[in-house]
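1. with the sequence up front, the predicted model follows.
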Amino acid sequence: MTLEEAWGELGVEAGTAPDLARRAYLRLLKTRKPEVDPQGFARLRAAYERVKAALEGTEAPRTQSEPETTSAQPPPPQRAQSADQRLDVFRARFSALPSDAPPDAPVQIAREAVAALPEAAEARHWLIKALLAAKLEPEATQAFRDAANQGHPEFLVGLAQVFPRALTEREFQLLGTMVTPPFLWKLADELGTLDAWAQAGHAALMALAALKDHREDPPPQPTWILGFLLHLHLNGQPVEARTFQLRYAEWLKAEGLDDAFDKQDEAWLWTLVLELGTLSDDFPVGVRRLLAHSVINGSIENAREHLRAYRRHEPERTAEALKQLRTHCPLFSAALGERFIGTGTPSLAQRLHLKAPSAETHPVGDTHPVLPAAHAAAARKYTWYVILGLIALVMIAVGVEVLGESSPARPPPSRTEHATSARAEARVLCEETPDAETKPPCSKLFELIASAESGACSEVSTNYLRLRIAVEEMTTRSPADIQAATARRLRRNHAQTRLETALRELCPKSL
């Protein structure tokens, strides 16, 4: 690339001041992102390096198409090497390393290459690759950061891909100007897998904000959004959860997608997420986690038992928590039951006709989001399902206790028996919808049970929620007959509860 071509690539006149040339480069960098347009990014980078070298009075790296100019002055005794020639020297040193060379040998060569050719991105790649091979992760993280700060912003994308938890607030902001929403959604998902939920919430909010400039890149499916919001609550990030929920709802309204949660199970889960969002920031963290965990696992029973224990140790805080639940969370209150919630709770008949709380019912200064009327209607509609499911579960529990008293003592089930029970319940879930599209989730579900049986419980902890959401989605096709729909839901809930019980026996610390 000639100097004239470089000026044209940047879109500025020849001889422009260095700061104006750099501004032009940074402006064009926003539209030539390395992960979207690698060739355009390479041309832009080469043009900027050529212009920068010309302005600083140093020689720019020469391409093969450029003719080598002769100097009027007598040549020096030893001609200066071009950047490519100097890189060739380091390439030869790498090739000459024996197979049994110590891990720090390539690291040393790469460090020398970076010191000699700081403008060469290839030398930076060598250094990061050598540091990762030597398992020097802190040094590799710093190498990514140094490259990004010293004129190679594309290495910030690499830092986010390899060491996402290392990103600082400033780096998050800069990354948001360089990548597309799909990259940010993937980053949020990866950070959640790493239990970095504060950063995951930050990445998701950035992805939502970027949607206005990238209308061709919509957010993930509603089921993913529901699971992500529940995990934010589960992991002590209520502010991020509430902010994300509100902005996502605004996006749905702006796009005319108010029916995004029309599916039976999605509407119910969305209502529960909205109820969690109405709880204040000082709501007991432990109780919030119990509620979120009960939604993720599809059973309120564990939350009820833990709340009883919590009330014995923290009676005042529990009373305040239950007061908020009565005021803002009608569906959770109905699921927990009148006798547990205590006096002052609406009767069952009243609870089935609850109206959405209005702005007038909140005291002055209360900033809790108001539960939309449409979702309050969904809460009323699905309260019957919750109550019927709880009644059926109680009847099953009583039957098990009676049978247990009359049968002879037997040794506790083995891991194989728990796994066999889990597979049987998984087959019940999968038989609900024997369509071709249900085969991948069912296959993954059986793989998960095999992992639990073999003791690989970390995989169970990481993947169960996603599989559960997939199973929920594939079993939402309900028949028109309301009685058949209710019976079908009860069969599925029973199978799901027994499946989770078997998995907890196999991996008690993971679920």
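-> Yep, that arrived. Computed from a prediction, not measured in an experiment: that's the story for all the values here. Numbers count the residues shown, from 1 in each chain.

2. how many residues are close by the closest residue in space to His328 that isn't next to it in sequence?
-> The shortest distance from His328 to any non-neighbouring residue, by CB to CB, 6 or more residues apart in numbering, is to Thr278 (3.9 Å). Every C-beta, even on glycine, is put in place using the N, C-alpha and C of the backbone. Burial of Thr278 is recorded as 20 neighbouring residues (other CB atoms under 10 Å).

3. over to Arg423?
-> Neighbours around Arg423, by other CB under 10 Å: 16.

4. same check, this time on Ala21
-> 22.

5. swap in Val157?
-> Val157 has 18 neighbouring residues, counting by other CB under 10 Å.

6. quick check: which element contains it?
-> Using DSSP states H and E, Val157 maps to helix 154-162.

7. mind listing the strands in the stretch 201-350 of the chain by residue range?
-> Assigned strands in the stretch 201-350 of the chain: none (criterion: DSSP state E, counting those that start in this stretch).

8. quick one: the helices in it?
-> Taking DSSP state H, counting those that start in this stretch as the criterion, the stretch 201-350 of the chain contains helices spanning 222-234, 238-254, 264-278, 285-297, 301-313, 315-328, 330-336, 338-341, 348-351.

9. nearest to Leu26, of the ones you listed?
-> The minimum distance between Leu26 and the helices of the stretch 201-350 of the chain falls on helix 238-254, with 27.8 Å, by CB to CB.

10. ok, back up a step: what's next to the helix holding Val157, contact-wise?
-> 33-35, 41, 121, 124, 128, 132, 140-141, 144-145, 147-148, 166-167, 171, 174-175, 178-179, 183, 187 (CB atoms under 8 Å, 6 or more residues apart in numbering).

11. among those residues, which lie within helices?
-> 41, 121, 124, 128, 132, 140-141, 144-145, 147-148, 171, 174-175, 183, 187 (DSSP state H).

12. please spell out the PyMOL selection for the buried subset of these.
-> A single PyMOL command selects the buried members of the ones in helices among the contacts of helix 154-162 (16 or more other CB atoms under 10 Å):
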select buried, resi 41+121+124+128+140+141+144+145+147+148+171+175+183+187
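
13. and of the ones in helices among the contacts of helix 154-162, the nearest to Thr243?
-> Leu187 (17.5 Å).

14. pretty sure that closest one is touching Pro164, no?
-> Yes - the pair Leu187 and Pro164 passes the contact test of CB atoms under 8 Å, sitting 5.8 Å apart.

15. about what we covered before: per-residue confidence for the residue nearest to His328?
-> As predicted, Thr278 sits at a pLDDT of 92.

16. roughly how far apart are it and Phe228?
-> Applying CB to CB, to the nearest Å, the value for Thr278 to Phe228 is 18 Å.

17. likewise Asn235?
-> Asn235 sits 11 Å away from Phe228, taking CB to CB as the criterion.

18. check Tyr25 too.
-> Per CB to CB, Tyr25 is found 36 Å from Phe228.

19. same check, this time on Phe183
-> The spacing between Phe183 and Phe228, counted by CB to CB, is 16 Å.

20. do Ala47 as well
-> 41 Å.

21. do the same with Leu234
-> 11 Å.

22. and what of Leu191?
-> For Leu191, the distance to Phe228 - CB to CB - is 11 Å.

23. do the same with Asp217
-> For Asp217, the distance to Phe228 - CB to CB - is 17 Å.

24. with Glu314 instead?
-> With CB to CB as the criterion, Glu314 and Phe228 are 29 Å apart.

25. these two: which has the busier surroundings?
-> More crowded of Glu314 and Phe228, by other CB under 10 Å: Phe228, with 24 against 15.

26. for the more buried one, give me the pLDDT.
-> pLDDT, Phe228: 93.

27. for it, what are its contacts?
-> Phe228 is in contact with 188-189, 192, 200, 204, 244, counting by CB under 8 Å, 6+ apart.

28. dump those into CSV; add distance to Gln85 as well.
-> As requested, the contacts of Phe228 are exported to CSV (distance: CB to CB, whole Å):
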residue, distance to Gln85
Ala188, 44
Asp189, 44
Gly192, 47
Ala200, 46
Ala204, 47
Phe244, 52
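
29. among those, which pair sits farthest apart?
-> The most widely separated members of the contacts of Phe228, counting by CB to CB, are Asp189 and Phe244 (13.6 Å).

30. of these two, who's got more company?
-> Neighbour count, other CB under 10 Å: between Asp189 and Phe244, Phe244 has more, with 24 against 18.

31. check contacts around that one.
-> Phe244 neighbours (CB under 8 Å, 6+ apart): 201, 204-205, 208, 228-229, 232.

32. 6 Å instead?
-> 204-205 (CB atoms under 6 Å, 6 or more residues apart in numbering).

33. can you give me the end-to-end span of stretch 270-285?
-> Across its full length, stretch 270-285 reaches 21 Å between end residues, using CA to CA, to the nearest Å.

34. what comes up buried for that stretch?
-> Neighbour counts over stretch 270-285 (16+ other CB under 10 Å) mark 270-279, 283-284 as buried.

35. closest one to Pro98 out of those, please.
-> Val273 (58.8 Å).

36. okay, now the closest residue to that closest one other than its chain neighbours: neighbour count?
-> Leaving aside its sequence neighbours, Val273 sits nearest to Leu229 (CB to CB, 6+ apart; 5.0 Å). A count of nearby residues for Leu229, using other CB under 10 Å, gives 28.

37. from now on call the first residue 357
-> Right, with 357 as the first residue, what we last looked at is Leu585.

38. so Leu585 versus Gly371, what's the distance?
-> Separation of Leu585 from Gly371 (CB to CB): 54 Å.

39. from Arg854, how far out is Ala808?
-> For Ala808, the distance to Arg854 - CB to CB - is 14 Å.

40. which helix or which strand is home to the residue most central in space within the chain?
-> Centroid-nearest residue in the chain, with CA atoms, centre = their mean: Asp545, separated by 2.1 Å. Taking DSSP H and E as the criterion, Asp545 maps to helix 537-549.

41. now do the same contact list for Ala522.
-> Thr497.

42. separation between it and Gln593?
-> 19 Å.

43. same question for Pro574.
-> As for Pro574, its distance to Gln593 is 24 Å (criterion: CB to CB).

44. what's the answer for Thr536, then?
-> From Thr536 over to Gln593 the distance is 24 Å, taken as CB to CB.

45. same question for Ala806.
-> Ala806 is 32 Å from Gln593, where distance means CB to CB.

46. looking at those two, which is more packed in?
-> A direct count of neighbours by other CB under 10 Å for Ala806 and Gln593 places Gln593 higher, at 20 against 14.

47. so the more buried one touches Ala552, yeah?
-> No - taking contacts as CB atoms under 6 Å, Gln593 lies outside contact range of Ala552: 10.4 Å.

48. output the contacts of Phe584 in CSV; the columns should cover pLDDT and distance to Ala377.
-> Shown next, in CSV, are the contacts of Phe584 (pLDDT from 0 to 100; distance: CB to CB, whole Å):
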residue, pLDDT, distance to Ala377
Ala544, 94, 36
Asp545, 92, 38
Gly548, 92, 41
Ala556, 95, 38
Ala560, 94, 36
Phe600, 94, 40
